[in-house]
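Peer 1: I would like to see how this sequence folds:
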Amino acid sequence: MSISHIEHIGIAVKSLEESIPFYEKVLGLKCYNIEEVKDQKVKTAFFLVGQTKIELLESTDPEGPIGKFIEKKGEGIHHIAFAVKDIEEQLKRMEEQGVTLIDKAPRKGAEGLDIAFLHPKSTLGVLTELCEDKNK
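Peer 2: Residues are numbered from 1 along each chain as shown. The predicted structure is shown next:
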């Protein structure tokens, strides 16, 4: 696999409005983008730390993936995302190695990235996301 860097760390929060001030006022980071991803039933806020982003995830529907996650586990780290090249080939390779794919084909995520998730049962308990920026 050709991972260039950690693209972002996704953190599930109950409220962006209540969470953003911690990252800005306490940690001194700047929220540079807030975006809703309707098909994933989530609203996101991004902070850049070096080359890596922190992505806060607020559910827009209690039955969405983030709503269910918070209901079951509470707020906290939801996933880690790796930047890759040729995401389609990476997914094929992962499946050939026995990794269970949540997404067998990439879909559009926040910031226009092509994304796909790997099932945590195959990734040592960590929900793992692959991301490709086709514009780079």
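
Peer 1: contacts and neighbour counts: CA atoms only from here.
Peer 2: OK.

Peer 1: in stretch 26-42, what's buried?
Peer 2: Residues of stretch 26-42 classed as buried: Leu29, Cys31, Ile34, Glu36, Gln40, Lys41, Val42 (neighbour count, 16 or more other Cα atoms under 10 Å).

Peer 1: Take the residues you listed and keep only those in helices.
Peer 2: Using DSSP state H, no member of these falls in helices.

Peer 1: which of those residues has the weakest pLDDT?
Peer 2: The lowest pLDDT within the buried residues of stretch 26-42 belongs to Gln40, which sits at 93.

Peer 1: Make sure that one is actually in contact with Gly67.
Peer 2: No: the pair Gln40 / Gly67 is not scored as a contact, 10.6 Å apart, by Cα atoms under 8 Å.

Peer 1: so is the closest residue to Ile115 other than its chain neighbours in a helix, a strand, or just coil?
Peer 2: Distance criterion Cα to Cα, 6 or more residues apart in numbering; nearest residue to Ile115, sequence neighbours excluded, is Cys131 at 4.5 Å. Put simply, Cys131 is strand when judged by DSSP: H, G, I helix; E, B strand; the rest coil.

Peer 1: burial count for Cys131?
Peer 2: 27 (other Cα atoms under 10 Å).

Peer 1: what touches both of Gln40 and Gly67?
Peer 2: Residues touching both Gln40 and Gly67 (Cα atoms under 8 Å, 6 or more residues apart in numbering): none.

Peer 1: How confident was the prediction at Lys136?
Peer 2: pLDDT, Lys136: 73.

Peer 1: And for it, the neighbour number?
Peer 2: Number of residues near Lys136 (other Cα under 10 Å) recorded here: 5.

Peer 1: do Ile80 as well
Peer 2: Residues near Ile80, counting by other Cα under 10 Å, number 19.

Peer 1: for the longest strand anywhere in the chain, what is the average pLDDT?
Peer 2: For the chain, the strand with the greatest residue count under DSSP state E is strand 3-13. Averaged across strand 3-13, pLDDT comes to 96.

Peer 1: In that strand, which residues are buried?
Peer 2: Ile6, Glu7, His8, Ile9, Gly10, Ile11, Ala12, Val13.

Peer 1: got it, and stretch 129-136?
Peer 2: Neighbour-count burial for stretch 129-136 flags Glu129, Leu130, Cys131, Glu132, Asp133 (criterion: 16+ other Cα under 10 Å).
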